[in-house]
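Student: need coordinates for the below:
(chains A and B)
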Amino acid sequence: MPITLQNVSLTLDKLDILNDVTATIADGSFVSLIAPSGAGKSTILKLLTGLLTPSTGSLAVEGQPITGLNTTFSYLPQEDMLFPWYTIDQNITLYQRINHQPVDQERVTELLTLCGLLPYRKFLPHQLSGGMRQRVALLGTMLNPADYRLLDEPFGALDAMTRGLMQDWLLGLPAELKRTTLLVTHDIEEAIYLSDRILVLSARPAHVVQDIALTPITRDRAWLATQAPLKAEIFELLRADCLAAGEQL
Amino acid sequence: MKRKLYPLGSLVLLLAAWQLAVTLLHTPAFILPSPVAVIQALVVDGPGLLQNSWVTLYESLIGLGIACLLAFCTALIMDRWQLLYQSFYPLLVISQTLPVMVLGPLLSLWFGFGMAPKIILVVLMSYFPIIVAFSEALGKVSGEQIRFLQTMGAKSWQVYRLLKIPQGMQGFFAGLRIAATYCVSGAIIGEWLSAEAGLGYYMIRVKNGYQIDKVFAAILCVIVLSLGLNIVTRIFQKLYYKTFIQGRLS
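Tutor: Here you go, the predicted model:
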């Protein structure tokens, strides 16, 4: 069952953040939300997790309306969410510990190996590089059994090289680890490279201005290089929208 | 290592200057004894100083322990129920404008001349730095991190256990390090006012006999006790994160 947003609007402190956002995210798809800065991309993720409530409209997942805080989604916020006093092992299994579920150590070891983090499992977060920390954070969302992933600019703080490597790593994950994912990003190239669909949002109050489907036969850097016209098209869309909203680029 | 030698070097220089000044100026020992005389007094009266130091240390530790417990509980309660924080925190801050020393005679009147008034003075002097630092650290916990845990199904007590307390404890230990230094002074003040043992009592007794070298020897003991408690606090902090937080999750 898909995730649906039906005519969702949100006003916070007399500021219109979202205006009539309607979208459907199909099961198993990887959808990116792209918009000018401050347009309300992250707000949509907060609405889905129930951290915020829409002023009008409705959100639903698996046909069930979202009302209040819920644990349907595995959510990775923008801010660094690794707790510095816990080891990598402990950080990635927080979900199991919170919900009093047994930790499948074999599975944890398998995933740590897959992510190249096995030698660091007893390390503290500050002992790892930025890219490794981000892999740890993403691994935490993978050990969360939720069927839906919400990623809020997970590579935003990384340098270009590490960012590229992380994108390749995410794409190369085995199918069993892939879930329906909603990614918030401000990087057009990243959205094209990773997504099955891109929802382009307008400047605040945000609404969907374009819904782009991507169906490459092979998704790799060579294919990405051929997508320059699409990148330019999305950039133009965002630029025109920003200019219309009176913002400087 | 080299860095640690700098303050040691300046201390040796200061002591040498002090010794030289006392020798050259023929300062009477009942006004300012030389460092050598202080060390001699420390050796000669060692057993007595040790016994009195133990009494002061005992009062300080009991008082500090009670202050820790009280500050920990009240800060958590005030953090959980913000109405209580808004109602009582300003009063707590205002209460600190009152010099604790003036409470000494009242405490003796209410609680007698035993150990109780000294311990209460230690509690009063140690409680404030701990609760202020702990409360502020609890208040600084990122809302985003709290919500992150809530999206994983964390209940309020789990947010405290997994996030707020471990993060807040950095503030708690910062306050505790200050309190560890204050608490010995609290016990000494209590002993000045009424006591039969302890470094404060010893200082009054030897001062009345114009044995200023012994007063300085007692001051040296106070410094050692305060530094010792400060070091123990740092060790506790390391142990807390290593065994209590990480160990408990393993």
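Student: what is the worst-scoring helix or strand of chain A on mean pLDDT packed up against?
Tutor: Of all helical and strand segments in chain A, the minimum by mean pLDDT, DSSP states H and E falls on helix A:160-171, at a mean of 83. The contact analysis (3 or more Cβ pairs under 8 Å, 6 or more residues apart in numbering or on different chains; DSSP states H and E) places helix A:160-171 against helix A:130-143, helix A:188-194. C-betas here are computed from N, CA, C, even on glycine.
Student: closest one to chain B among the ones you listed?
Tutor: Distances from chain B to each of those were compared using Cβ to the nearest Cβ; the shortest belongs to helix A:130-143, at 9.1 Å.
Student: just give me how far the closest one sits from the chain centre.
Tutor: 13 Å (Cα atoms, centre = their mean, to the nearest Å).
Student: same check, this time on stretch A:102-115
Tutor: Using Cα atoms, centre = their mean, we find the averaged C-alpha position of stretch A:102-115 to lie 22 Å away from the chain's own average C-alpha position.
Student: host element of the spatially closest residue to B:Tyr127 that is not a sequence neighbour?
Tutor: Here the nearest residue to B:Tyr127 in space, its sequence neighbours aside, is B:Ala67; by Cβ to Cβ, 6 or more residues apart in numbering or on different chains that works out to 4.3 Å. Secondary structure here is read from DSSP states H and E; on that basis B:Ala67 sits in helix B:46-80.
Student: next one: A:Leu158
Tutor: Element membership for A:Leu158, per DSSP H and E: none, as it lies in no helix or strand.
Student: can you list the weak-confidence ranges in chain A?
Tutor: Confidence mapping of chain A against pLDDT under 70 gives the ranges A:1, A:245-249.
Student: residues of it that sit close to chain B?
Tutor: Residues of chain A found near chain B, taking Cβ under 8 Å from any Cβ of the partner chain as the criterion, are A:49-51, A:69-71, A:73, A:75, A:77-79, A:81, A:83, A:85-87, A:90, A:94-95, A:97-99, A:144.
Student: swap in 7 Å and give it another go.
Tutor: Those residues of chain A that sit near chain B, judged by Cβ under 7 Å from any Cβ of the partner chain, are A:49, A:51, A:69, A:71, A:73, A:75, A:77, A:79, A:81, A:83, A:85-87, A:90, A:94-95, A:97-99, A:144.
Student: restricted to strands, list those residues.
Tutor: Among those, the subset assigned to strands under DSSP state E consists of A:Phe73, A:Tyr75.
Student: and the residues of chain A next to chain B, which are buried?
Tutor: Buried members of these, counted by 16 or more other Cβ atoms under 10 Å in any protein chain shown: A:49, A:51, A:71, A:73, A:75, A:77, A:81, A:83, A:85-87, A:90, A:94-95, A:97-98, A:144.
Student: before we move on, the earlier item: reformat the helices and strands packed on helix A:160-171 into CSV and put mean neighbour count next to each item.
Tutor: Shown next, in CSV, are the helices and strands packed on helix A:160-171 (neighbours: other Cβ atoms under 10 Å in any protein chain shown):
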stretch, mean neighbour count
helix A:130-143, 20
helix A:188-194, 22
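Student: among those helices, single out whichever gets nearest to B:Lys4.
Tutor: Proximity to B:Lys4, assessed across the helices and strands packed on helix A:160-171 by Cβ to Cβ, is greatest for helix A:130-143 (33.2 Å).
Student: so how far is chain B from A:Lys41?
Tutor: 15 Å (Cβ to the nearest Cβ, to the nearest Å).
Student: excluding chain neighbours, what is closest to that residue?
Tutor: With Cβ to Cβ, 6+ apart as the criterion, A:Lys41 has its nearest non-adjacent residue at 4.3 Å, and that residue is A:Val184.
Student: which SS class is that neighbour?
Tutor: With DSSP: H, G, I helix; E, B strand; the rest coil as the basis, A:Val184 sits in strand.
Student: mind listing what it touches?
Tutor: Going by Cβ atoms under 7 Å, 6 or more residues apart in numbering or on different chains, A:Val184 touches A:Leu33, A:Lys41, A:Ser42, A:Leu45, A:Leu151, A:Asp152, A:Glu153.
Student: the nearest residue to A:Leu51 once chain neighbours are set aside: how many residues sit nearby?
Tutor: Using Cβ to Cβ, 6+ apart and skipping the chain neighbours, the partner closest in space to A:Leu51 is B:Arg147 (5.3 Å). Counted by other Cβ atoms under 10 Å in any protein chain shown, the residues lying close to B:Arg147 total 19.
Student: which other residues reach the host helix or strand of B:Arg147?
Tutor: B:Arg147 belongs to helix B:143-150 when assigned by DSSP H and E. Counting by Cβ under 7 Å, 6+ apart, the neighbours of helix B:143-150 from elsewhere in the structure are A:Leu51, A:Leu69, A:Tyr75, A:Pro77, A:Glu79, A:Met81, A:Ile98, B:Gln158, B:Val159, B:Leu162, B:Leu163.
Student: got it, and stretch A:158-165?
Tutor: Contacts with stretch A:158-165, where a contact means Cβ under 7 Å, 6+ apart, come from A:Gly130, A:Gly131, A:Gln134, A:Phe155, A:Met166.
Student: which residue is the nearest non-sequential neighbour of A:Leu112?
Tutor: The spatially closest residue to A:Leu112, leaving aside those adjacent along the chain, is A:Leu118, at 4.4 Å (Cβ to Cβ, 6+ apart).
Student: show me which residues of chain B sit near chain A.
Tutor: Proximity of chain B to chain A (Cβ under 7 Å from any Cβ) is limited to residues B:142, B:144-145, B:147-154, B:158, B:163, B:166, B:241, B:245-246, B:249.
Student: try it again with 10 Å
Tutor: By Cβ under 10 Å from any Cβ of the partner chain, the residues of chain B that approach chain A are B:142-145, B:147-155, B:158-159, B:161-163, B:166-167, B:169-170, B:240-242, B:244-246, B:248-250.
Student: sort out which of those are buried, if you could.
Tutor: B:145, B:147-152, B:154, B:158-159, B:161-163, B:166-167, B:169-170, B:240-241, B:245-246, B:249.
Student: I figured A:Ser29 hits A:Thr180, correct?
Tutor: Yes - under the criterion of Cβ atoms under 10 Å, A:Ser29 lies in contact with A:Thr180, with a separation of 6.0 Å.
Student: quick check: the residue nearest in space to the middle of chain B vs chain A, distance?
Tutor: Nearest to the geometric centre of chain B sits B:Ala180, at 2.1 Å (Cα atoms, centre = their mean). Counting by Cβ to the nearest Cβ, the separation of B:Ala180 from chain A is 22 Å.
Student: residue contacts, that residue?
Tutor: By Cβ atoms under 10 Å, 6 or more residues apart in numbering or on different chains, B:Ala180 lies in contact with B:60-61, B:64, B:68, B:126, B:129-130, B:173, B:225-234, B:236.
Student: if you set the cut-off to 6 Å instead, what comes out?
Tutor: Shown here is B:Ala180, whose contacts under the criterion Cβ atoms under 6 Å, 6 or more residues apart in numbering or on different chains are B:Leu229, B:Asn230, B:Thr233.
Student: chain neighbours aside, what residue packs nearest to it?
Tutor: B:Leu229 (3.9 Å).
Student: and what about that neighbour, helix, strand or coil?
Tutor: B:Leu229 - assigned by three-state DSSP - is helix.
Student: can you map out the helices along the chain?
Tutor: No chain specified, so I'll use chain A. With DSSP state H, the ranges of helices along chain A come out as A:41-49, A:88-92, A:94-98, A:105-114, A:130-143, A:160-171, A:188-194, A:221-225, A:228-244.
Student: let's do chain B instead
Tutor: Along chain B, the stretches classed as helices by DSSP H are B:2-25, B:35-44, B:46-80, B:82-95, B:103-111, B:116-139, B:143-150, B:156-159, B:165-193, B:199-208, B:212-239, B:247-249.
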